[in-house]
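Asker: Got a predicted structure plus its sequence, pasted below:
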Amino acid sequence: MLRIDVLTIFPALFDAFLETAFVGVARSQRAAEIRVHDLREWARDRHRSVDDTPYGGGPGMVMTPEPLGPAIESLAGPKGPDRAGHVVALSPQGRTLTQARLAELASGPPLLLVCGRYEGIDQRVLEIAVDEEISLGDFVLSGGELPAMVLIEGLVRLLPGVLGNPESLQTESFGGGDFLEGPQYTRPPVYRGLAVPEVLRSGHHAEIERWRRDQALARTCERRPDLLDGADREESPGSRSGGDADSGRVRPGGSRTTQDNRDAAD
Ligand code: 9D3
């Protein structure tokens, strides 16, 4: 069971998300326990403020150490070796989320997700109370709430025992996933004049495998040549992707060996 706490000034944003679809199922099956907390409950002044103007000037506001620090510590304990959970701040300054990091977090300690708003969080809170900052990528949002939901959805679908989630997903090796998936089709066989590729309706399983592999490779060359370069650009130079077996990418040829693929291609 994965326990996730969320700290936010917009708890209502999470209502439908937590009730619906996969996350709702995971919660009702007790694979995940998710609780959302309103940061303003820790605010002590009359206006229940959570932000203040930035030192040094500049636009916007910054989330203040009070009430954020005490809120984090009351939910996760003081930072350090005795802390039972792991505190993640969703922040544009964080390392970019990867499938490999998702897999680690899904099997790790309870999580507290801190959703930043305004221009960001006072640096001293990040140092004193937060364990890790995670970003979704190089684009600008208005806060950490949607990123927190993205993180939760990515985690919950990895939890073993959730309906429709094969146990194998957890035990799969995380070495592969170097290619995008190719195109997929369902009925009807002809839609607005566009036919499903004949090979997919042929029943020739070896040919279908080969076609899918070729499509996956061609699409990867075209759209994500970085995946073929070898180095994973989201990580430090020279480091290899730690895990992507479930990242929506496929190894062309599925689970077969390299030798099988060579045989089939010849
Ligand atoms: C105009 C604001 N900024 C100057 C360029 C800095 C800024 C502050 C706060 C940009 C974004 C935000 C709010 N974003 C998040 O809290 C956030 C986020 C994101 O914006 N992009 C990708 N991942 C994340 S995780 C949290």
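Answerer: Sure thing, it's come through. These numbers were taken from a predicted model, which means no experiment stands behind them.

Asker: which strand in this structure runs the most residues?
Answerer: Among the elements of the chain assigned as strand by DSSP state E, the one spanning the most residues is strand 86-96.

Asker: what's it packed up against?
Answerer: On a contact count with 3 or more Cβ pairs under 8 Å, 6 or more residues apart in numbering; DSSP states H and E, strand 86-96 meets helix 99-106, strand 111-115, helix 123-129, strand 132-135, helix 145-156. Yep, even glycine has a C-beta here, placed from its N, CA and C like the rest.

Asker: Can you tell me which of the ones you listed is nearest to residue 216?
Answerer: Residue 216 lies closest to helix 99-106 among the helices and strands packed on strand 86-96, at 17.1 Å (Cβ to Cβ).

Asker: ok now do residue 143, which residues does it touch?
Answerer: Under the criterion of Cβ atoms under 8 Å, 6 or more residues apart in numbering, the neighbours of residue 143 are 10, 115-118.

Asker: Next, the buried residues of stretch 202-213.
Answerer: 209-213 (16 or more other Cβ atoms under 10 Å).

Asker: go on, stretch 120-127?
Answerer: Neighbour-count burial for stretch 120-127 [16+ other Cβ under 10 Å]: 120-122, 125-126.

Asker: of these, closest to the ligand?
Answerer: Closest approach to the ligand among those (Cβ to the nearest ligand atom): residue 120, at 5.2 Å.

Asker: Check the gap between the residue lying closest to the closest one once chain neighbours are set aside and residue 122 for me.
Answerer: Nearest residue to residue 120, sequence neighbours excluded (Cβ to Cβ, 6 or more residues apart in numbering): residue 62, at 6.1 Å. Taking Cβ to Cβ, to the nearest Å as the measure, residue 62 falls 6 Å from residue 122.

Asker: Pretty sure residue 180 sits against residue 216.
Answerer: Yes - Residue 180 is within contact range of residue 216, at 6.2 Å (criterion: Cβ atoms under 8 Å).

Asker: ok, then the element right after the one helix or strand residue 24 maps to?
Answerer: In this assignment (DSSP states H and E), residue 24 forms part of helix 21-28. Next helix or strand after helix 21-28 toward the C-terminus (DSSP H and E): strand 32-38.

Asker: which parts of that following strand are buried?
Answerer: 32, 34, 36-38.

Asker: what about the helix or strand containing residue 211, distance to the chain center?
Answerer: Assigned by DSSP H and E, residue 211 belongs to helix 205-223. Helix 205-223 sits 26 Å away from the centroid of its parent chain (Cα atoms, centre = their mean, to the nearest Å).

Asker: Spatially nearest residue to residue 131, not counting backbone neighbours?
Answerer: residue 87 (4.7 Å).

Asker: In contact with the one you found, which residues?
Answerer: 72, 76, 79, 111-112, 114, 129-132.

Asker: Go again with 6 Å.
Answerer: Applying Cβ atoms under 6 Å, 6 or more residues apart in numbering to residue 87 gives the contacts 72, 76, 112, 130-131.

Asker: and it, bridged to which residues?
Answerer: Beta bridges link residue 87 to residue 112, judged by DSSP bridges.

Asker: The ligand versus that one, what's the distance?
Answerer: To the ligand, residue 87 is 15 Å away according to Cβ to the nearest ligand atom, to the nearest Å.

Asker: With residue 99 instead?
Answerer: From residue 99 across to the ligand, the span is 16 Å (Cβ to the nearest ligand atom).

Asker: just residue 101 next, same as before
Answerer: As judged by Cβ to the nearest ligand atom, residue 101 and the ligand stand 13 Å apart.

Asker: Check what pLDDT that residue gets.
Answerer: Looking at residue 101, its pLDDT stands at 98.

Asker: Then residue 98?
Answerer: For residue 98, the model assigns a pLDDT of 97.
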